[in-house]
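>>> sequence plus predicted model, see below.
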Amino acid sequence: MDELRDRVMSLATYIAENGATVRDAAKQFGVSKSTVHKDVTCRLKEYHGGLYEQVREVLDQNKSERHLRGGLATREKYRLLQKSAANS
């Protein structure tokens, strides 16, 4: 049980300190996005209410910005395709 608590606290601290997304945290810690989400939205509340609130703010902000990140990623994708087509 201590390992679970340590993982939850580590994930939450990483997200809060870095403003990381669930995907970033999952990649950093080698776990699935589902695991990160479950840890920081359900389990964390039991362990540390204050940190839970900080993480919730980061996750809410990331959620509100995700459509912007998707648009930027799409623009970059087509910019690179256009660049490679021009070089061919």
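Structure's in. What do you need?
>>> next, Thr21: phi, psi?
For Thr21, the backbone dihedrals (degrees, to the nearest 10) come out as phi -80, psi 170.
>>> I should have written Lys38 there, sorry.
Phi and psi for Lys38, reported as degrees, to the nearest 10, are phi -60, psi -40.
>>> what about it, how many neighbours?
In terms of burial, Lys38 registers 14 neighbours under the definition other Cβ atoms under 10 Å. Bear in mind the C-beta positions are built from the backbone N, C-alpha and C, glycine included.
>>> residue contacts, it?
In this structure, Lys38 makes contact with no residue, judged by Cβ atoms under 8 Å, 6 or more residues apart in numbering.
>>> distance of the one residue sitting closest to the centre of the chain from Ala85?
Among the residues of the chain, the one closest to the centroid is Thr21, at 1.6 Å (Cα atoms, centre = their mean). Relative to Ala85, Thr21 is positioned 31 Å away (criterion: Cβ to Cβ, to the nearest Å).
>>> same question, Asp6
According to Cβ to Cβ, Asp6 stands 49 Å off from Ala85.
>>> check what pLDDT the spatially closest residue to Phe29 that is not a sequence neighbour gets.
Once its chain neighbours are removed from consideration, Phe29 has its nearest residue in Leu11; the separation is 6.1 Å (Cβ to Cβ, 6 or more residues apart in numbering). Leu11 is assigned a pLDDT of 97 by the prediction.
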